[in-house]
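A.B. asks: pasting the sequence and the predicted model now:
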Amino acid sequence: MSSSTNALQDVASVDDFLNVAATETVPLFEHLEFEFLLEYDVFAPSRRGRTRVHQPPDLFCGFLHCYYKDIYGTRPVARELQNGLVWYYCGLDKPPSRDTIDRFLTDLEHVIDDVFDRLVEQAAARGLLDSTYSIDSTHVEPIQYNDAASWNYDPTAEEYYYGFGCTIVSTGAKIPIAAEFTQAKQADQETAMRVTRDALAVDTPIWMLGDSAYDILELHDRLLVAGVVPIATYNPRNTDDPKDIEYRIEDRIEEHSEDVQLEQSILDETYNNRTGVERTNDAVKDCGLGHVRARGHVHARTEVFLALCLRLVVVITNFERGDDLGREKLTL
């Protein structure tokens with residue numbers, strides 16, 4: 001029996017059921033405090049002393065609610081927040097205008113990276129991360145009229161696509177802990193190094209897994225120096241004299257260490273966990289990564305990180321309620 005059917009049995013009337021459906025996102029705001037948004041200068045009152053009618057934490061909750069409900073774009077978000085139950089349970093004193101929504105999103109652009117990092121810290125503080133990190137990139141599809149996007153070739157799918165990309169490091173139950181918005185799905189070496197650095201700043205895992213796109217010598221050496229074992233499939237296209245190995249780490253250990261040995265079975269078994277990052281990509285796409293409706297590069301990047309933030313909030317909420325961390329929707 002579906003959760004919606006269960007909810008319907010527990011209420012006395014259709015109106016009550018609609019109220020339950022409208023406030024399904026309330027648990028998202030029960031276990032997390034978003035007051036830290038008030039610390040950012042970008043949300044401070046203007047020089048003329050004009051105060052904000054709507055506070056940033058409440059507007060942030062409004063966006064979380066909308067993204068959870070698959071509502072994207074400033075116009076649809078403003079329309080959804082006209083619902084009395086919705087704006088009330090998000091903490092707003094009254095429905096915000098579309099201009100207010102747009103202005104908040106523009107201000108959020110300046111701090112969205114830090115907001116994401118703060119939520120990652122809250123997940124880490126609850127012990128939700130594990131000892132295996134995985135890195136992967138995914139395609140971000142924009143609206144048709146986003147001129148900042150471009151045509152790119154996806155060698156995995158062997159086809160061209162119009163859009164952006166996002167490189168994500170994940171761990172545990174579909175938990176994104178570091179990310180970067182890119183012009184194309186395929187991340188370059190600089191992006192891979194930067195996202196890996198951000199992930200290691202959260203905590204130091206035992207393993208870092210990646211496909212052949214992350215068969216990068218400098219990346220492997222940096223991880224080994226940090227005490228992390230990188231397992232990325234060897235890419236013979238990187239050299240004119242390919243080696244007879246399955247994973248790059250086999251060559252790095254042979255070259256730099258006489259005392260360390262890793263059996264092929266251990267490498268294979270550990271690498272099989274890499275599919276976790278693909279499930280994370282899918283979970284974040286369900287949170288809005290796959291529905292970027294903003295125009296321009298900066299606005300699109302903000303919406304991508306809002307989706308990442310929502311995924312973290314859902315994971316933390318599941319934890320606090322004793323539910324399966326990997327669930328992508330809350331239990332009613």
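C.D. replies: Noted; the coordinates are in hand. Numbering: from 1, shown residues only.

A.B. asks: quickly note the distance from the residue sitting nearest the centre point of the chain to T280.
C.D. replies: Closest residue to the average C-alpha location of the chain: L308 at 2.5 Å, with CA atoms, centre = their mean. Distance of L308 to T280, given as CB to CB, to the nearest Å: 10 Å. For every residue, glycine as well, the C-beta is placed using N, CA and C.

A.B. asks: and for the two, which residues touch both?
C.D. replies: 168, 176 (CB atoms under 8 Å, 6 or more residues apart in numbering).

A.B. asks: about what we covered before: gap between the residue nearest to the centre of the chain and G322?
C.D. replies: Counting by CB to CB - L308 and G322 are separated by 24 Å.

A.B. asks: helix or strand: which one has Y162?
C.D. replies: strand 159-171 (DSSP states H and E).

A.B. asks: how far does that strand sit from the chain's center?
C.D. replies: Centroid displacement of strand 159-171 relative to its chain, using CA atoms, centre = their mean, to the nearest Å, is 12 Å.

A.B. asks: give me the sheet partners of the following helix or strand past that strand and which way each runs.
C.D. replies: Downstream of strand 159-171, the first helix or strand assigned by DSSP H and E is strand 175-182. Strand 175-182 has the following sheet partners, assigned by DSSP bridges: strand 159-171 (antiparallel).

A.B. asks: not counting its own residues, what contacts stretch 53-65?
C.D. replies: 25, 28-29, 33-35, 37-38, 40, 43, 77, 80-81, 86-87, 89-94, 96, 100-101, 104-105, 107-108, 115, 306, 309-310, 313.

A.B. asks: one more time with 6 Å
C.D. replies: Stretch 53-65 has contacts (CB atoms under 6 Å, 6 or more residues apart in numbering) with 25, 28-29, 34-35, 37, 43, 81, 90-92, 96, 100, 104, 306, 310.

A.B. asks: pLDDT of that stretch, averaged?
C.D. replies: Computed over stretch 53-65, the mean pLDDT rounds to 93.

A.B. asks: buried residues in that stretch, which are they?
C.D. replies: Buried residues in stretch 53-65, defined by neighbour count with 16 or more other CB atoms under 10 Å: 54-65.

A.B. asks: for these, give me CSV that also has distance to F164.
C.D. replies: Listed next are these as CSV, based on distance: CB to CB, whole Å:
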residue, distance to F164
H54, 29
Q55, 31
P56, 26
P57, 28
D58, 29
L59, 25
F60, 23
C61, 26
G62, 25
F63, 20
L64, 22
H65, 25
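
A.B. asks: let me have those in JSON lines, extended by secondary structure and distance to Q186.
C.D. replies: Below are the buried residues of stretch 53-65 laid out as JSON lines (DSSP: H, G, I helix; E, B strand; the rest coil; distance: CB to CB, whole Å):
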{"residue": "H54", "secondary structure": "coil", "distance to Q186": "40"}
{"residue": "Q55", "secondary structure": "coil", "distance to Q186": "40"}
{"residue": "P56", "secondary structure": "helix", "distance to Q186": "35"}
{"residue": "P57", "secondary structure": "helix", "distance to Q186": "37"}
{"residue": "D58", "secondary structure": "helix", "distance to Q186": "39"}
{"residue": "L59", "secondary structure": "helix", "distance to Q186": "35"}
{"residue": "F60", "secondary structure": "helix", "distance to Q186": "32"}
{"residue": "C61", "secondary structure": "helix", "distance to Q186": "35"}
{"residue": "G62", "secondary structure": "helix", "distance to Q186": "34"}
{"residue": "F63", "secondary structure": "helix", "distance to Q186": "29"}
{"residue": "L64", "secondary structure": "helix", "distance to Q186": "30"}
{"residue": "H65", "secondary structure": "helix", "distance to Q186": "34"}
